[in-house]
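> The sequence and its predicted three-dimensional model are supplied below.
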Amino acid sequence: MKTFYIETFGCQMNVHDSEKVIGTLVSEGYSQVDTPEEADLVLYNTCSIRDKAEQKVFSRLSSFKRDLGKGKKFAVLGCVAQQEGERIFEKAPHVSMVVGSASYNKLPELLVQLEAGNQRVTGLNLDTEDTFETPFARRDNPHRAYITIIEGCDKSCAYCVVPFTRGPERSRASESILNEARMLAESGYTEIQLLGQNVNSYRDPSPAGLDFASLLEKVAQIPGLRRVRFTTSHPRDFVKEIVDVMDRNPVLCNHIHLPVQSGSTAVLNRMQRLYTRDEYMRRIEWIKNSHRNIAITTDIIVGFPGETEADFEETLSLLDEVQYDSLFSFKYSRRPNTPAIALDDHLSEEEKGRRLTILQEKQRGIQIRRNAELIGSIQEVLVEGFNRATGQWIGRTSQNRVLNFSHPQGEEANLLGRYLDARVTRSGPNSLVGEPVNLV
Ligand code: SAH
Ligand code: SF4
Ligand code: F3S
């Protein structure tokens, strides 16, 4: 029996790609093992979004140099594979397969080459019309499933590698998406997450011709689904119809992730984000005017080249204005091939670090306040796990907040995958604590 081990870095798209890769490997006769030591084939599905992410795979690979000659094979998949291509064979000579995400549907033939002893198997073509569709995806979570609706990205944000690592946008046919969602609902999944680097630019290539809002509405109507989420929304393509569809369909969760990157229009302009602060705020108003109580989260980059102290303060004031429920924040990282590396006035690591700390402190205060406002409210949670260290169950609210709670029977209660109502009793910056009500 041939065995493989896979480790995944990066975003949900990568996590889901790995599920599809695992399904493909299993259907090709491989079986998955839990450690690289046990495996004949070790795969890393990599991320290149920031320098630190890219370094991870090379540090993993260097720790395995000594396994050379023991018959173990190494493969690099994903965004670093696409970005570095055959250079990976020079940097890490024990790697014998390098495959980017646009070539995963060729994996069966690439595996044949690998098994035949080819030392440099590559799948690096980007100009594909195909999307990676497989009936074999092996999903880890029995209740929540990812579905890819669009691959690649046609934007050209000045700092970002994704257009190079994932290629041009390709939308999946709506029938295929809806069939997959129906099949998942029939097999017991209750939560679906629709994935794409920019879900808002979804354009159905089939005669149905759905746009993203209409696709959302169709997915929301599938019997058996209780929660539908989607990520990521690019503000430029975010239309009011999306909020209208959410208003009509309670199955769509109370959460929109709308990455802003900066609160300064001048910086947004240099980032080539294609919207101004005012245009972004208009979208925030649509969301806040909804009948639903929609949580808003975002991504921020601090220290983009040329970001002045005044620009940075505009980002801080945007945080005050929007009152995000949560955010991811990053120091700008120079990435190969991106236009931003040629810009003037790169900031020092120290200054970027200083701004990041200030931003995160400010947001921490906002989150403490916003979470405290929920004390006393009743929240429906999907139970996602049990924390043995604290003896608490872990649930997630529709707004994507973590809510921990105890149950008299502890782990024996077997609540995984259930939907419960909980009253919020305490709150912290990153999570809530509650007690279940009307437990049956
Ligand atoms: N498609 C998504 C973003 C995917 S990358 C979107 O457009 O919103 C996730 C986040 O990583 C980005 O939102 C951005 O905040 C961050 N990021 C991307 N490139 C980066 C870089 N070079 N340095 C620091 N952060 C970066
Ligand atoms: Fe990157 Fe911009 Fe595309 Fe998002 S929209 S993946 S930040 S280029
Ligand atoms: Fe990373 Fe590629 Fe996702 S660069 S964030 S794994 S699209």
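On my side now, so go ahead. Ligands and ions are numbered 1, 2, ... in the order given.
> And the strands in the stretch 101-250 of the chain?
With DSSP state E, counting those that start in this stretch as the criterion, the stretch 101-250 of the chain has strands at 121-123, 144-148, 150-151, 170-171, 191-195, 227-231.
> Quick one, which of these gets closest to ligand 1.
strand 227-231 (8.3 Å; C-beta to the nearest ligand atom). From N, CA and C alone the C-beta is placed, and that goes for glycine too.
> Would you mind getting the angle between that closest one and strand 144-148?
Between the axis of strand 227-231 and that of strand 144-148 there is an angle of 40 degrees, by axes from the mean of the first three to the mean of the last three C-alpha atoms, to 10 degrees.
> for strand 227-231, packing partners?
When contacts are defined as 3 or more C-beta pairs under 8 Å, 6 or more residues apart in numbering; DSSP states H and E, strand 227-231 packs onto strand 191-195, helix 212-220.
> orientation of it relative to strand 191-195 in degrees?
Using the same axes, to 10 degrees: strand 227-231 against strand 191-195 is 20 degrees.
> Please state the offset of strand 227-231 from the chain centre?
Its chain's average C-alpha position is 12 Å from that of strand 227-231, according to C-alpha atoms, centre = their mean, to the nearest Å.
> could you check whether that strand is close to ligand 1?
No. Figure legend: strand 227-231 not in contact with ligand 1 (C-beta under 6 Å from any ligand atom); closest approach 8.3 Å.
> Which residues of the chain lie near ligand 3?
Applying C-beta under 6 Å from any ligand atom, we find that the chain lies next to ligand 3 at 10-11, 13-14, 47-49, 78-79, 161-162, 165-166.
> quick one: residue 185 from residue 144, how far?
To residue 144, residue 185 is 12 Å away according to C-beta to C-beta, to the nearest Å.
> what touches both of those two?
residue 192 (C-beta atoms under 8 Å, 6 or more residues apart in numbering).
> Helices of the stretch 151-300 of the chain, start to end?
Along the stretch 151-300 of the chain, counting by DSSP state H, counting those that start in this stretch, helices occupy 162-166, 174-186, 212-220, 240-248, 265-271, 277-288.
> which one of these lies closest to ligand 1?
Proximity to ligand 1 (C-beta to the nearest ligand atom) singles out helix 162-166 among the helices of the stretch 151-300 of the chain, at 6.0 Å.
> Packing partners of that closest one?
In terms of contacts (3+ C-beta pairs under 8 Å, 6+ apart), helix 162-166 is packed against helix 78-84.
> So which bits of the helix or strand of the chain with the lowest mean pLDDT are buried?
Lowest on mean pLDDT, DSSP states H and E among the helices and strands of the chain sits helix 51-62, with a mean of 93. Buried residues in helix 51-62, counted by 16 or more other C-beta atoms under 10 Å: 53, 54, 56, 57, 58, 60, 61.
> sorry, back to before: winner for burial among the strands of the stretch 101-250 of the chain?
Among those, ranked by average contacts under mean count of other C-beta atoms under 10 Å, first place goes to strand 150-151 (a mean of 24).
> do it and ligand 1 meet?
No. Residues of strand 150-151 are not located near ligand 1 by C-beta under 6 Å from any ligand atom, the shortest gap being 10.6 Å.
> who does that strand touch, helix- and strand-wise?
strand 170-171.
> Which secondary structure elements does the strand it packs on sit against?
strand 150-151.
> Within its sheet, name the partner strands of the strand it packs on and how each one runs.
Paired strands of strand 150-151, with direction, are strand 170-171 (antiparallel) (DSSP bridges).
> before we move on, the earlier item: quick check, nearest of the buried residues of helix 51-62 to ligand 2?
In terms of C-beta to the nearest ligand atom, no member of the buried residues of helix 51-62 lies closer to ligand 2 than residue 53, at 13.6 Å.
> tell me the contacts of the closest one?
Contacts for residue 53 (C-beta under 8 Å, 6+ apart) come out as 9, 10, 46, 47.
> Tell me the pLDDT of the residue lying closest to residue 189 once chain neighbours are set aside.
Residue nearest to residue 189 in three dimensions, not counting chain neighbours: residue 145, with 4.6 Å by C-beta to C-beta, 6 or more residues apart in numbering. In this model, residue 145 is scored at 95, pLDDT.
> got the contact list for residue 145?
139, 184, 189, 191, 192, 193.
> how about 10 Å then?
Residue 145 makes contact with 16, 19, 137, 139, 180-181, 183-185, 187-193, 225, according to C-beta atoms under 10 Å, 6 or more residues apart in numbering.
> re the thing from before, next, format the helices of the stretch 151-300 of the chain as a markdown table and append distance to residue 313 and mean neighbour count.
Shown next, in a markdown table, are the helices of the stretch 151-300 of the chain (distance: least, C-beta to C-beta, whole Å; neighbours: other C-beta atoms under 10 Å):
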| stretch | distance to residue 313 | mean neighbour count |
| --- | --- | --- |
| helix 162-166 | 29 | 22 |
| helix 174-186 | 42 | 17 |
| helix 212-220 | 34 | 21 |
| helix 240-248 | 29 | 18 |
| helix 265-271 | 12 | 19 |
| helix 277-288 | 13 | 17 |
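> so which residue of this protein comes closest to ligand 3?
Proximity of the chain to ligand 3 (C-beta to the nearest ligand atom) peaks at residue 10, 2.7 Å away.
> sec struct for that residue, please.
Of the three states, residue 10 takes coil under DSSP: H, G, I helix; E, B strand; the rest coil.
> give the contact list for the residue lying closest to it once chain neighbours are set aside.
Distances taken as C-beta to C-beta, 6+ apart put residue 47 closest to residue 10, at 2.8 Å, once the chain neighbours are dropped. Neighbouring residues of residue 47 by C-beta under 10 Å, 6+ apart: 8-11, 13-14, 53-54, 56-57, 78-80, 161, 165.
> Identify, from those, the entry nearest to residue 126.
Nearest to residue 126 among the contacts of residue 47 is residue 165, at 8.8 Å by C-beta to C-beta.
> list the contacts for the closest one?
By C-beta under 10 Å, 6+ apart, residue 165 lies in contact with 10, 46-49, 78-84, 100-102, 126, 152-153, 335, 337.
> Can you read off the pLDDT for the closest residue to residue 258 other than its chain neighbours?
Distance criterion C-beta to C-beta, 6+ apart; nearest residue to residue 258, sequence neighbours excluded, is residue 233 at 5.3 Å. Turning to residue 233, the model gives it a pLDDT of 94.
> Show me what from the chain comes close to ligand 1.
Taking C-beta under 6 Å from any ligand atom, the part of the chain that reaches ligand 1 is made up of 49-50, 159-160, 162, 197-198, 232, 234, 259, 261, 299, 301, 330, 332-333, 335.
> Restrict those residues to the buried ones and give me that as a ChimeraX selection.
Under the burial definition 16+ other C-beta under 10 Å, those of the residues of the chain next to ligand 1 that qualify are selected in ChimeraX by:
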select :49,50,159,160,162,197,198,232,234,259,261,301,330,332,333,335
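> The spatially closest residue to residue 428 that is not a sequence neighbour: which element?
Leaving aside its chain neighbours, residue 428 sits nearest to residue 371 (6.7 Å; criterion: C-beta to C-beta, 6+ apart). Assigned by DSSP states H and E, residue 371 belongs to helix 349-372.
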